[in-house]
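*Asks:* predicted model follows, preceded by the sequence.
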Amino acid sequence: MKKEFLNERIETMSPEELRPIQEEKFLKQIDYVWEKSPFYQKKFKEHGVERADIRGLEDLPKLPFTEKDELRKSQEGNPPLGFHCAAPMDDIIRIHSSSGTTGVPTFVGITRHDQKVWTEITARSLFAKSVRPTDVVIHAVGLTFFVGGLPVKDAIEHIGAAFVPIGTGASDRVVMTTKRLGGNVLHCTPSYAQYFADYVRKKQNLEPSELGFRKLVVGAEPGGGVPAVKKRLQEEYQCLLSEGMGNSDAAPIIFGECPAQQGMHFCAQEYIFPELINPDSGEVMEMKDGAEGELAYTLLDRECCPVVRFRTRDRITVFAGPCECGRSSFRIRCIGRTDDMLIVLGVNVFPSAIKDVITSFRPRTTGDIVVLLERPGPKVEPPLRIQVEYSQGEKDLDALKKELETVLRDKLVFRADVELVPEGTLPRFEMKAEYIRKLYEE
Ligand SMILES: [Zn+2]
């Protein structure tokens, strides 16, 4: 594998070399937060911790976690950006909003300095995902509000690749620009990549592989890391798929998967300090190979809306050890979000894992699913009701239902009640997929 980096020094640095750089930035940032963020002044005081108690990163666990809900309340209490906004509006150059997957969306502002930092982290992640200056990137992701839009434009331009802003709901334009401009990278959500594959086949009478993409660059939801989904997309498009992951309160893309495909590399080395925590107890866990937990972020270089020990609710598995691409940072795979997790008789079940099992049954199923919830989760009484699309040619539906239920029980350890529905029944998504349908009034 060719070893190529956007910032070779920092991306190949050993943890021992990186640590002092993170320490220095952390202390500077914590001074800034203590001085400028009314939200943290109050929070730290209530937690009984003083500035002098924090002498370095080893003292980070003395500080309390920050929950998304607190940021939402902080914003309601002190509009527009909240008590956690630490920069004057004069210095703010752009305001984004969180994708609002849970509850009311929150706004996130950035200063010119924050924009530079976002661009660097996002570009590093995209470069790890093999975006190069010679590429023509077809951007089939929304450009408004969402941090996966304009900040990605900045990052792709920073790399020197050509950015083609299409947005969503314009698949005919994706086909046209790909052909006319020689687009060779498709940037979209994994849900869109699946939707678009069906679209070109049905509406354009083309195989997705005929479009000539060299690379599928996906993110914004866990699909790209779901093995059966990834396999399907790579086969359909006949090219490599790389996934990425970010967080609207931290940075647009923080992790990027290199061609070795052994998880996504952490690409915010000197800008974000990540912690792996036990999602139930909050205890800090070692970022070692095979460890599973939730990610928390402490921003090390942020002016507008700095966050400290921010709980992402992203559940991840860690891959450590050397990678053949030469990057020294740890890698992760996202297994789901706490908000989507269901608990069936004490067993944690993520919709993306169900999606993986059902997709592995292609072509007998289309891979599309919906989990039906009769009562608010996360606890669900078995059997868990799942609607699954069967493909047109499938004849023996009773046998398929039994097989799916058996494999779900064997692999994910819960009892399912699979309802087979004809191909084309379930909704398709051009942005993020929603795998859970609530049958109750909220
Ligand atoms: Zn790598």
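*Replies:* Cool, the structure landed.
*Asks:* just the C-alphas of stretch 133-148, formatted as CSV.
*Replies:* Extracted in CSV, the C-alpha atoms of stretch 133-148 (Å, rounded to 0.1, in the frame of the first residue of the first chain):
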residue,chain,number,x,y,z
PRO,A,133,-6.2,16.5,-5.5
THR,A,134,-6.9,14.8,-8.9
ASP,A,135,-10.4,13.7,-7.9
VAL,A,136,-13.8,15.1,-9.0
VAL,A,137,-16.0,14.6,-6.0
ILE,A,138,-19.8,14.3,-6.6
HIS,A,139,-21.3,15.5,-3.3
ALA,A,140,-24.8,14.0,-3.0
VAL,A,141,-25.4,15.2,0.5
GLY,A,142,-27.4,18.2,1.7
LEU,A,143,-25.5,21.5,1.8
THR,A,144,-27.8,23.3,4.2
PHE,A,145,-27.4,23.5,7.9
PHE,A,146,-25.9,20.0,8.3
VAL,A,147,-22.1,19.9,9.2
GLY,A,148,-21.6,17.3,6.5
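*Asks:* and that stretch, how far out from the chain's middle?
*Replies:* 15 Å (C-alpha atoms, centre = their mean, to the nearest Å).
*Asks:* ok, how many other residues are close to the residue of the stretch 51-200 of the chain at minimum distance from the ion?
*Replies:* At 7.0 Å from the ion, Ala128 is the closest residue in the stretch 51-200 of the chain, using C-beta to the ion. (Glycine included, C-beta is placed from N, CA and C.) Neighbours of Ala128 under the rule other C-beta atoms under 10 Å: 29.
*Asks:* let me know the secondary structure of the spatially closest residue to it that is not a sequence neighbour.
*Replies:* Distances taken as C-beta to C-beta, 6 or more residues apart in numbering place Gly256 nearest to Ala128, at 3.5 Å, with adjacent residues excluded. Following DSSP: H, G, I helix; E, B strand; the rest coil, Gly256 is assigned to strand.
*Asks:* in contact with Gly256, which residues?
*Replies:* 124-129, 242, 244, 264-265, 267 (C-beta atoms under 8 Å, 6 or more residues apart in numbering).
*Asks:* next step: those restricted to strands.
*Replies:* Among the contacts of Gly256, the members found in strands (DSSP state E) are 242, 244, 264-265.
*Asks:* filter the residues you listed down to the buried ones and express that as a PyMOL selection.
*Replies:* Buried residues within those, by 16 or more other C-beta atoms under 10 Å, are selected in PyMOL with:
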select buried, resi 242+244+264+265
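*Asks:* looking at the ones in strands among the contacts of Gly256, which one is closest to the ion?
*Replies:* His265 (5.5 Å).
*Asks:* pretty sure Asp340 is touching Phe350, no?
*Replies:* Yes - assessed by C-beta atoms under 8 Å, Asp340 is found in contact with Phe350 at 6.2 Å.
*Asks:* need the ones in strands among the contacts of Gly256 in JSON lines with distance to the ion and pLDDT, can you?
*Replies:* Listed next are the ones in strands among the contacts of Gly256 as JSON lines, based on distance: C-beta to the ion, whole Å; pLDDT from 0 to 100:
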{"residue": "Ser242", "distance to the ion": "10", "pLDDT": "97"}
{"residue": "Gly244", "distance to the ion": "13", "pLDDT": "97"}
{"residue": "Met264", "distance to the ion": "9", "pLDDT": "98"}
{"residue": "His265", "distance to the ion": "6", "pLDDT": "98"}
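*Asks:* how near is Tyr390 to the ion?
*Replies:* Using C-beta to the ion, to the nearest Å, one gets 38 Å for the distance from Tyr390 to the ion.
*Asks:* ok, the spatially closest residue to Ala193 that is not a sequence neighbour - contacts?
*Replies:* Nearest residue to Ala193 in three dimensions, chain neighbours excluded: Leu233, at 5.2 Å (C-beta to C-beta, 6+ apart). Counting by C-beta under 8 Å, 6+ apart, Leu233 touches 190, 193-194, 197, 216, 218, 224, 241.
*Asks:* now Ala155
*Replies:* 118-119, 122-123, 125-126, 252-253.
*Asks:* what does Asp198 give?
*Replies:* With contacts defined as C-beta under 8 Å, 6+ apart, Asp198 is in contact with Arg428.
*Asks:* so it, which state does it fall into?
*Replies:* helix.
*Asks:* strands of the stretch 1-150 of the chain, residue ranges please.
*Replies:* Counting by DSSP state E, counting those that start in this stretch, the segments of the stretch 1-150 of the chain that form strands are 92-97, 107-111, 136-139.
*Asks:* take the ones you listed and lay them out in a markdown table including mean neighbour count, distance to the ion and mean pLDDT.
*Replies:* Below are the strands of the stretch 1-150 of the chain laid out as a markdown table (neighbours: other C-beta atoms under 10 Å; distance: least, C-beta to the ion, whole Å; pLDDT from 0 to 100):
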| stretch | mean neighbour count | distance to the ion | mean pLDDT |
| --- | --- | --- | --- |
| strand 92-97 | 17 | 29 | 96 |
| strand 107-111 | 22 | 28 | 97 |
| strand 136-139 | 23 | 21 | 98 |
